[in-house]
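Asker: Quick one, what's the 3D model for this:
(chains A and B)
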Amino acid sequence: MDGAAPLFRMEGISKRYGGVRALEKADLTVTAGGIHAILGENGAGKSTLIKVMAGVVAPDEGTMTLDGREVSFASPAAANQAGIVCIFQELSLIPELSVADNIVISDPPKRFGMIDRKAQRRIAEEALARAGASDIHPCALVKDLPLSRRQMVEIAKALARKPRILILDEATSALTAADVAKVFEVLKRLRSEGLALLYISHRMNEIAELADHCTVFRNGRNVASYPAGSKSDNEVVELMIGREYSHIFPPKPGPTAAATTVLEARNLSWADRLDNISLSVKAGEVVGLGGLDGQGQRELLLAFFGVLRGLSGEILIDGKPVSIASPTAASHGRIGMALIPEDRKTEGLMLPMTVRENLSFAALDRLSKGGIIDRAAEQRLIDDMVGLLAIKTAGLDIPVGALSGGNQQKVVIAKWLMRQPRIILLNDPTRGIDVGTKQELYQLMRKLADAGAAILFYSTDYDELIGCCDRVLVLYDGAVKRELVGAEITEHALIASALNIHGEGAGPKQGVGA
Amino acid sequence: MSETTLGGIAGRMPKFLRRADPAVVTAFACIVILLLLGSLYSRSFLSPEYLLQQLKVASFLGVIATGMMLVILLGQIDLSVPWSVATGAMMACAAAAYGPVGVALAIPFGVLCGVAIGLVNGIGVAYLRIPSMIITLATNAVAQGLMVVYTGGFSPQDSATAAMRYLATGFTIPGVPNAVIIWALIGAAMVFVLTRTSFGRAVYGIGNRERAAYLSGIDTRRIVLIAFAVSGGLSAFGGVLLAGYASKAAQSMGDAYLLPSIAAVVLGGTSILGGRGSYLGTVAGVILITLLQSILSVMQMPEAGRQIIYGVVIVAMLLLYGRAPASR
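Answerer: Below is the predicted model of the structure:
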C-alpha cells in the first residue's frame, strides 16, 4: 500500500472529557485497500479516536481530511454518508426487531412511502452473505440469536451501508473461533475490493494475521506506527504499556492434593441449556470452563449464583447440600460466593453512580450497623481495594462510567473482593480489556486462589484458559464433554474438545485462528 | 456560551454550591423569580406571614412528595396517591368515632391503611412484576371503591381528632406551624435514609440498573416493597394532616395531589427514570409548585386559565433543565 495517496487523514486531534484528556494531538493516516490495526491499552484513546472518525464525538481541535478535502461530521449519519461506518464494541442492534429490520434500519427501502419488505429482505440477504453469515435467517429476531451471531449481523449491517472505510472496534471479542476465521476471510476480501479497514483488537494473533500496518496509542497519543510484522509481540506490548513486559501468566503452583472441595455440583440440569453437569472445585484451585461460546457456561455460573429458577440437581458447599435461591443467598453468610458477570456495563456496575457507591454496593450489609453505613469503615475498605487492584481513577466521587474499560472491570472485581468471597465465579472477565490489565487480573486470580479461594473461570480466550487454569472443563451443548488437567490443557485439546471431535479425526473442518 | 459564563461563576461559588445539582439551583432560582414577579403584583407576596402560610400549605404536598420521590428514585411511579391520601384521612377520622381508644389510635390507623395500600402496590410490582403504572392505578381505583362503600358516597360525618388538628394547624414553637416542623422532620429522616443507609444506596442502585443491583446480592424485591409501603404510608399521613387542617375528610380530597407530587419531584431534578436526584431538589420543587398555585389563585385567574398556565409552566420548567446535557 506504499505510495498510495491517503484516503483519510486525521491531524492534531484532541478531545477532553471534563478534566480527562482522552486524545492529545493524535494523528492517523488511512489508505485504501489496507487493513490498519490500532493497538493500545484501554483508556489509551483508541475508542475516542474512532468515535471522532465516526462522528459520534466532536473533537475539540484538529482536522480531518477525506480524499484531500477537509471534512467534519456533525453526526454518525453524516459520517456514514461520507462512507465511514463503524462497528462498535457495544452492540447496537434492537433485540425486538428482525435481522433484516436491523440491517436496513437507518435507510429502509421504500415503496409508496412504506417499507418494501421484499427489497429489505434481499438487501439483508446480500449483506449477510457478504459478511459470511448467510446461515442467519433475515426474518429471525435478533433477541433469539446468541451473542456471536448478533455480532455477525452487526457486521452485515455495516456492510449494507456500502462503506469506504470500515472500522471494527473489538468486533471479534464476542465471536467464536470459527466465526473469527469467517470474519477474517470477509475482511481480506473487502481489502482486495479496495476498502480501508481500521481494526481494533486486543488479540495479538488476530492483528498479526490481518493487519498491513499498525499504529500504537498510549495516553491519547500515537506513539508508534510501523508496517505489520516488523516488530515482535513483546516489543509491541512494551510500546502499548510503556514498560517492560514479561510473564503474562503467573506460574501455577502445581497440584495440591490436600485441599478440600468447596464447591460441588451433582447432576445440574436446567431447561435445555444445562445437561447433567457434575463438577467440583477445591480451595486454592482455578478451574476453567471452556468450549465454544454459548454452550451453557454462562447458565452454569448463573445456576450456582441462584439466578436460575427450576434448576434440578444438587449444589454442595463444603460437602453439604444447600439451596441457593437468590444472589443474596449466594453471596451472604456461609456460602460466600461472588459472581463477576459477563457484561460489566449492565450487570456489574451502575454506570452513573460514583466509584465509591459502586465499590461498596455488594458489601453494604458488612459496612453498615443497623442499616446505617459506617463511612469510616467504608473508606478504609475502599482505600484497601483501590490500592490492591491499582484502580486508576480521578477520585472516588466521579461516575464509574468515566473510567476506562479495564478500570471498570477492576471496580467490578473489587466490589466483590470487599466481601472476601470464598468462591469466585468469573464470567469472561477479560473481554475487551487491555493487556496490562489482563496481566494484573491473572496475577490477582492466582493470588486469590493461593489465599484459599475456589475459582471457576469461564473465558472465550483459549490462551487464558491454558495460562491460568489448573483444570479445564470443556462444555458442549450444556454438558461437560471433557476434563483437561495440567499439561493436557493445550490449544489443540481445547479446540478439539470444544468442537466435540476428539478421538475421531474426521470432525467438521473448522478454520480456527491459531 | 452560557456554559463558560456559568463555569466562571461556578468557580467563585462556595463548595457546596459548586457541587449542587444544576436542576436544584434552577428550581430555587425559579422560586425567587416567582416571588419577585408576584411582588410586582402585590407587596404582600414578600411578607413573612404570606411566606409562612405558603410553607405550611407546602408541607402537606411535601410529605406526600417525599414518598413519591422514593418510588420515582426506583424508576417506578405511584399513581395511587389520590385515594391513599383520602383513605388515610377518612380512616383516621372514622377511627376517631370509636371512643377514646379510637381517638388515640386515629393517626396510626390512618397511616397503616396507607401502608396497606402501599404493600399491595409493592407486592404487585416487586413479586408479581406488574408495571407500577398499572398496579398503582388499580389499587387507587379499589381504594376509591372501598371508601365510597364506607361513606355511601357522601362526605363522611366523622371529624378529625384534636391531635390531628394540632399537628396540622397548631404551633409548638411560636411562629412555626407544626405542619412545617413535621415536614422538616420527615425530610431530615429521608435525607438520612437516602445518603447514609444501605437502604438508600440500594434504592439508587436499583433505580440505575436493577439487574446489576440484583446480581450484587441486593434483595431488590424487598427494597421495592418497602419503598412502596413508605410511599403509601406518607400519602396517608399527608391525608391525615389535610383532614386535621380542614377538620374533616372529604371525597376526592387527594385528587389535587397526584400531578403536583410527581411534578415537584421531577422539577427538583430527580430523574423520572430513577437513580438520580436529591431531596433538596424535591423541597425546591414542592415550594415552587405551591407558590405557583398560590400566585395564580391570588391573581384571581379563572380556574380554567389556572390549569392551563399551571400545566404550561410545568412543561416549560422541565424543558429548561429536565433534559440531560448533550453528551457530544
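Asker: Contacts only, for residue A:388.
Answerer: Each residue near residue A:388 by Cβ atoms under 8 Å, 6 or more residues apart in numbering or on different chains is listed here: A:414, A:417. Placement of C-beta: from N, CA and C, glycine included.
Asker: which SSE is it in?
Answerer: Using DSSP states H and E, residue A:388 sits within helix A:375-389.
Asker: Following element in sequence after that helix, please.
Answerer: helix A:405-417.
Asker: chain center to that following helix, what's the gap?
Answerer: 14 Å (Cα atoms, centre = their mean, to the nearest Å).
Asker: Just the mean pLDDT for that helix, thanks.
Answerer: Averaged across helix A:405-417, the pLDDT comes to 92.
Asker: got the buried residues for stretch B:226-240?
Answerer: By neighbour count on 16 or more other Cβ atoms under 10 Å in any protein chain shown, the buried set for stretch B:226-240 is B:226-240.
Asker: Among those, which lie within helices?
Answerer: Secondary structure defined by DSSP state H assigns B:226-240 of the buried residues of stretch B:226-240 to helices.
Asker: Among those, which one lies nearest to chain A?
Answerer: residue B:226 (11.0 Å; Cβ to the nearest Cβ).
Asker: Distance of residue A:132 relative to residue B:146?
Answerer: Going from residue A:132 to residue B:146 by Cβ to Cβ, to the nearest Å gives 64 Å.
Asker: Look at the two and report which has more neighbours.
Answerer: Ranked by neighbour count (other Cβ atoms under 10 Å in any protein chain shown), residue A:132 and residue B:146 place residue A:132 first, with 19 against 16.
Asker: quick revisit: could I have the helix holding residue A:388 exported to CSV, CA atoms only?
Answerer: The C-alpha coordinates for helix A:375-389 follow below in CSV (Å, rounded to 0.1, in the frame of the first residue of the first chain):
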residue,chain,number,x,y,z
ARG,A,375,-18.5,5.7,56.5
ALA,A,376,-15.1,5.3,58.1
ALA,A,377,-15.1,1.6,57.6
GLU,A,378,-16.3,2.0,54.1
GLN,A,379,-13.5,4.4,53.3
ARG,A,380,-10.9,2.1,54.8
LEU,A,381,-12.0,-0.9,52.8
ILE,A,382,-12.3,1.1,49.6
ASP,A,383,-8.8,2.5,50.0
ASP,A,384,-7.5,-1.1,50.5
MET,A,385,-9.2,-2.2,47.3
VAL,A,386,-8.2,0.7,45.2
GLY,A,387,-4.6,0.1,46.4
LEU,A,388,-4.8,-3.7,46.0
LEU,A,389,-6.1,-3.6,42.4
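Asker: Just want the angle from that helix to helix A:405-417.
Answerer: For helix A:375-389 against helix A:405-417, the angle by axes from the mean of the first three to the mean of the last three Cα atoms, to 10 degrees is 130 degrees.
Asker: Could you report the neighbour count for residue A:251?
Answerer: When neighbours are counted by other Cβ under 10 Å, residue A:251 comes out with 7.
Asker: cool, residue B:312 as well?
Answerer: Neighbours around residue B:312, by other Cβ under 10 Å: 10.
Asker: Show me where the stretch 1-150 of chain A has its strands.
Answerer: A:6-17, A:20-31, A:34-40, A:61-66, A:69-71, A:84-87, A:110-111, A:114-115 (DSSP state E, counting those that start in this stretch).
Asker: Mind giving me the packing neighbours of the fourth one?
Answerer: The reference is to strand A:61-66. Here strand A:61-66 touches strand A:6-17, strand A:69-71, going by 3 or more Cβ pairs under 8 Å, 6 or more residues apart in numbering or on different chains; DSSP states H and E.
Asker: any idea how far the residue of the stretch 1-150 of chain A found nearest chain B is from residue A:88?
Answerer: Nearest to chain B, among the residues of the stretch 1-150 of chain A, is residue A:58, at 5.3 Å (Cβ to the nearest Cβ). Distance, residue A:58 to residue A:88, by Cβ to Cβ: 17 Å.
Asker: Which of these two has more residues huddled nearby?
Answerer: A count of neighbours by other Cβ under 10 Å puts residue A:88 above the other of residue A:58 and residue A:88, at 19 against 14.
Asker: Cross-check the contact I'm expecting between that one and residue A:169.
Answerer: Yes: in this structure, residue A:88 is within contact of residue A:169 by Cβ atoms under 8 Å, at 5.4 Å.
Asker: Any idea which helix or strand in chain A has the lowest mean pLDDT?
Answerer: helix A:233-241 (a mean of 76; mean pLDDT, DSSP states H and E).
Asker: tell me what it is packed against?
Answerer: strand A:34-40, helix A:204-210, strand A:213-218, helix A:435-450.
Asker: In the stretch 51-200 of chain B, what residue lies closest to chain A?
Answerer: Counting by Cβ to the nearest Cβ, the stretch 51-200 of chain B gets nearest chain A through residue B:198, at 3.7 Å.
Asker: Just give the nearest non-adjacent residue to that residue, would you?
Answerer: Of all residues not flanking residue B:198 in the chain, residue A:364 sits nearest, at 3.7 Å (Cβ to Cβ, 6 or more residues apart in numbering or on different chains).
Asker: Could you measure from that neighbour over to residue A:454?
Answerer: For residue A:364, the distance to residue A:454 - Cβ to Cβ - is 24 Å.
Asker: When the two are compared, which one has more neighbours?
Answerer: More crowded of residue A:364 and residue A:454, by other Cβ under 10 Å: residue A:454, with 28 against 23.
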